[in-house]
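> Build me a structure from this.
(one chain, ligands or ions: 1)
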Amino acid sequence: MNARQTRLNQMPEWTALGKHREQLGGTHLRELFAADPERGSRYTLQVGDLYLDHSKHLVTDETLALLRDLAAATGVAGLRDAMFRGEKINTTEDRAVLHTALRAPRDAVIEVDGENVVPAVHAVLDRMAAFSEKIRSGEWTGHTGRRIRNIVNIGIGGSDLGPAMAYEVLRSYTQRDLTFRFVSNVDGADLHEAVRDLDPAETLFIIASKTFTTIETITNATSARDWLLTNLRVGPDAVAKHFVALSTNAEKVSGFGIDTANMFEFWDWVGGRYSYDSAIGLSLMIAIGPDRFREMLDGFHLVDEHFRTAPAEANAPLLLGLLGVWYGAFFDAQSHAVLPYSHYLSKFTAYLQQLDMESNGKSVDRDGNPVDWQTGPVVWGTPGTNGQHAYYQLIHQGTKVIPADFIGFAKPVPSLLAGLVPQHDLLMANFFAQTQALAFGKTPEEVRAEGVAEELVAHKTFKGNHPTTTILAEELTPSVLGQLIALYEHKVFVQGAIWNIDSFDQWGVELGKVLAKKIEPVLTDGKGGEQLDSSTATLAGKYRTLRGR
Ligand SMILES: O=P(O)(O)OC[C@H]1O[C@H](O)[C@H](O)[C@@H](O)[C@@H]1O
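Predicted structure coming up:
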C-alpha cells in the first residue's frame, strides 16, 4: 500500500465539507423536506431486496456530492478493488482480506499468492453440506450408536457471534428436532447451562476457532470433552464421533485430539469477524440445511457485486459509510444505534459490534501515525420496540447526536399466531412512527396548540432533526440476511478506507490476554502479586480472601 500523501483532515475535500457543515448550521429536516417534496422518494436506493431510505439524514445534494468527492480523494474504490483482487491490504498482518471469496460462485477465479482460492472454498462447502446432511438425516450417530440431536458450538468472538446471531435470525428455517446451543464465555456457567439438560450420547460439539489457541475456547472444549467422556463412561476414542473442529490450524486441532478428517478448514485471509460464511457457519448449515445456507451466500454475493460495480451515487455501502464519516467528523457523533424491528434480529447488533468496533476501533493510521479525526463509533442497540420503552427517551430528548439504522420487514415470519391479531402492522407502525418522530419532532407551537400548560411546553417539545436510515425488505430470508451482513461489512470497509486505518487487524485485544496469563497464578497460588500495580494487587488479594484462600 502506498502511504497516503496528505493527511485526511488536511485534504481540500475535507475542508470543503467543514465549510459546508458551517453553512448548513442548524438546518432542520423539516426545512429540507419542505424545500423538496420528492425528497422521501428521491433519497432512496434499492439493492437486491433491500430498500434504503436516507432522506431523513442531515444532508443535501451538495453534502452527498462533497462526501463522494472525499471518497474519491481518499481512494476508496482503489482499495476496494485491491481487496477483491486478493491483495494484502491487511498490512500489519501481511494478509489478504478475502471474505468476498467465501461467497464467490464456483467458476470465479480469485488468486492469493498466485493460487486460485475458489475451488478450495467450494470443496469445504461441499464437505460441510455432506456432513450437515448426515447429521440432519440421523445417519451420523454418536459413539453409542444413538442419533445426534444436540449441537453445541464452542467458540468466541467471530467464532461465536456470527453463527449464534444467524441461527437466531433464521430460526424459523431450522430443523425442529435438533437443539442448538452456543457457548463462548470462559465463565464455566455458560457451558454448564448449555449442557445440563443434554444427553451426551446425542450431543455433537463443534469447536470453532480460527487459531485454535484461544484460551476461552480451548478451556471450554476441554471441559466439554471431560463432561462427555465422564458421563458416557467411555475412552478418548469416543471423541471422533462427538467433536468436530472449524479452524485454520490443523496442527493444533490434531494436538487437541480431534481427527483432522473431522476438521473443516478456512484460511488466514478470512478475518474472524468476517468468517461466519466460512466453515465457521457449520452449526448454522446444520440448522437450516445446505440449500438455505447457499441462498444466504448468494445474498452476500449480490451485495459484494453491487459494492464492486455500482456507481458512487447509487452505491449503498459507500453511502452508509460516508454518512457515518459525516456525523463523526462534523457533528461529533460518538455512537451509532442499530435498531431492528424484528425479534429474530435480537443478536444482530451484538454481531455488528464486533464487525464494526473491532475493525474500526483504531487510533493510528496505516503508517502508524496518530489520527486526529474520529474513527469507528460505539455501536449499540436492541430490537426497536423494546428500546422504545427504555432508552429511546435519550435519543429523542437527550443532548447527544445518535444516528440510527432502523431495519424492518413487510411480511412477518410465519407464526403460530398468524391471523389472530394483526401484530405485525402494529410493530411496523411503531417502526415508521419512530423515524418520523425523530426527524420532525414536535414544535412548541404544536405542543401549545394541544392546550398544554405553558410550564410543560419545553418538556413536551421534541426538537427532532435526529438522523436515521430506514432499511426495509419484504421478508427476512437467508438471502436477505446475507445481503444485510455484506452491506454492513462493506460500510465498515468504506469508513476504514477513508480514515486510513487498517480495518482488518485487532492488536487492541492482545494486552488483556497477556496480562490475564500473569494474573491467573496470583489468584490461584498467590504468587507474583508484587509485580502488579497497587490497585490490581489489592483487588487480587480481596478476591483471594473472598474465595477463602
Ligand atoms: O477464532 P479464534 O481464533 O478462536 O478467535 C476468536 C476471537 O478472538 C480474538 O481475540 C479476536 O479478538 C477475534 O477477532 C476473534 O474472532
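
> Can you name the residues of the stretch 351-500 of the chain sitting close to the ligand?
For the stretch 351-500 of the chain, the residues in contact with the ligand (Cβ under 6 Å from any ligand atom) are residue 358. C-betas here are computed from N, CA, C, even on glycine.

> Give me the most central residue, the chain.
residue 352 (2.5 Å; Cα atoms, centre = their mean).

> Roughly how far does that residue sit from the ligand?
Distance of residue 352 to the ligand, computed by Cβ to the nearest ligand atom, to the nearest Å: 14 Å.

> Quick check: the gap between residue 490 and residue 22.
30 Å (Cβ to Cβ, to the nearest Å).

> ok, and the closest non-adjacent residue to the closest residue to the ligand within the stretch 251-400 of the chain?
Nearest to the ligand, among the residues of the stretch 251-400 of the chain, is residue 272, at 2.7 Å (Cβ to the nearest ligand atom). Closest residue to residue 272 apart from its sequence neighbours, by Cβ to Cβ, 6 or more residues apart in numbering: residue 158 at 2.9 Å.

> Per-residue confidence, that neighbour, what does it come out as?
The confidence metric pLDDT takes the value 98 at residue 158.

> Secondary structure of residue 321: a strand, I assume?
No: judged by DSSP: H, G, I helix; E, B strand; the rest coil, residue 321 forms no part of a strand; its state is helix.

> Let me see the ranges of the strands in this protein.
44-47, 50-53, 111-112, 115-116, 150-154, 179-183, 203-208, 243-247, 263-265, 335-340, 378-380, 404-409, 468-473 (DSSP state E).

> for the residue of the stretch 251-400 of the chain closest to the ligand, what are its contacts?
157-159, 210, 506 (Cβ atoms under 8 Å, 6 or more residues apart in numbering).

> of all those residues, which two lie farthest apart?
Within the contacts of residue 272, 159 and 506 form the most distant pair, 13.3 Å apart (Cβ to Cβ).

> In the stretch 1-150 of the chain, what residue lies closest to the ligand?
For the stretch 1-150 of the chain, Cβ to the nearest ligand atom, closest residue to the ligand: residue 93, 11.4 Å.

> Verify the contact between that residue and residue 506 for me.
No: with contact defined as Cβ atoms under 8 Å, residue 93 does not count as touching residue 506 (9.3 Å).

> Could you check which of these two is surrounded by more residues?
residue 506 (21 against 16; other Cβ atoms under 10 Å).

> The residue nearest to the centre of the chain and residue 488: what is the separation?
Counting by Cβ to Cβ - residue 352 and residue 488 are separated by 6 Å.

> which residues do these two both contact?
If you check residue 352 and residue 488 against Cβ under 8 Å, 6+ apart, no residue is contacted by both.

> What residues are bridge-paired with residue 247?
residue 265 (DSSP bridges).

> quick one, phi/psi of the closest residue to residue 93 other than its chain neighbours?
Spatial nearest neighbour of residue 93, chain neighbours left out: residue 505 (5.3 Å); criterion: Cβ to Cβ, 6+ apart. Phi and psi for residue 505, reported as degrees, to the nearest 10, are phi -110, psi 180.

> Now do the contacts for residue 505.
90, 92-93.

> Around the ligand, which positions in the stretch 1-150 of the chain sit nearby?
Counting by Cβ under 6 Å from any ligand atom, the stretch 1-150 of the chain has no residue next to the ligand.

> Return the distance of the spatially closest residue to residue 214 that is not a sequence neighbour relative to residue 533.
Among residues not flanking residue 214 along the chain, residue 156 sits closest, at 6.0 Å (Cβ to Cβ, 6+ apart). Residue 156 sits 27 Å away from residue 533 when distances are taken as Cβ to Cβ.

> same deal with residue 342?
46 Å.

> orientation of the longest helix seen in the chain relative to strand 468-473 in degrees?
With secondary structure taken from DSSP state H, the chain has its longest helix at helix 478-499. With axes from the mean of the first three to the mean of the last three Cα atoms, to 10 degrees defining the directions, helix 478-499 sits at 150 degrees from strand 468-473.

> other SSEs contacting helix 478-499?
If contacts are counted by 3 or more Cβ pairs under 8 Å, 6 or more residues apart in numbering; DSSP states H and E, helix 478-499 sits against strand 50-53, helix 61-73, helix 76-85, helix 290-309, helix 316-330, helix 348-352, helix 359-360, strand 468-473.

> Save the ones you listed as TSV, and put in mean pLDDT too.
Below are those laid out as TSV (pLDDT from 0 to 100):
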stretch	mean pLDDT
strand 50-53	98
helix 61-73	98
helix 76-85	98
helix 290-309	98
helix 316-330	98
helix 348-352	98
helix 359-360	98
strand 468-473	98
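
> and of the ones you listed, who's closest to residue 239?
helix 290-309 (25.2 Å).

> Just the buried residues of that closest one, please?
290, 292-304, 306-307 (16 or more other Cβ atoms under 10 Å).

> Please apply the same query to stretch 228-247.
In stretch 228-247, the ones that count as buried by 16+ other Cβ under 10 Å are 228-229, 232, 234, 238-239, 241-247.

> just these now: which is nearest residue 55?
Nearest member of these to residue 55, counting by Cβ to Cβ, is residue 246, at 42.2 Å.

> Was I right to think the closest one contacts residue 211?
No: assessed by Cβ under 8 Å, residue 246 is found out of contact with residue 211, at 11.5 Å.

> give me the low-pLDDT residue ranges for the chain?
1-3 (pLDDT under 70).

> try 80
1-3, 414-421 (pLDDT under 80).

> on that earlier part again, tell me the angle the longest helix of the chain makes with helix 290-309.
Using the same axes, to 10 degrees: helix 478-499 against helix 290-309 is 30 degrees.

> Who are the contact partners of the nearest residue to residue 181 once chain neighbours are set aside?
Excluding the flanking residues, the one nearest residue 181 by Cβ to Cβ, 6+ apart is residue 194, at 4.2 Å. Neighbour list for residue 194: 152, 181-183 [criterion: Cβ under 8 Å, 6+ apart].

> swap in residue 456?
residue 447.

> can you check residue 528 too?
518, 521-522.

> ok, of these, which one's closest to the ligand?
Using Cβ to the nearest ligand atom, the contacts of residue 528 come closest to the ligand at residue 518, 17.2 Å.
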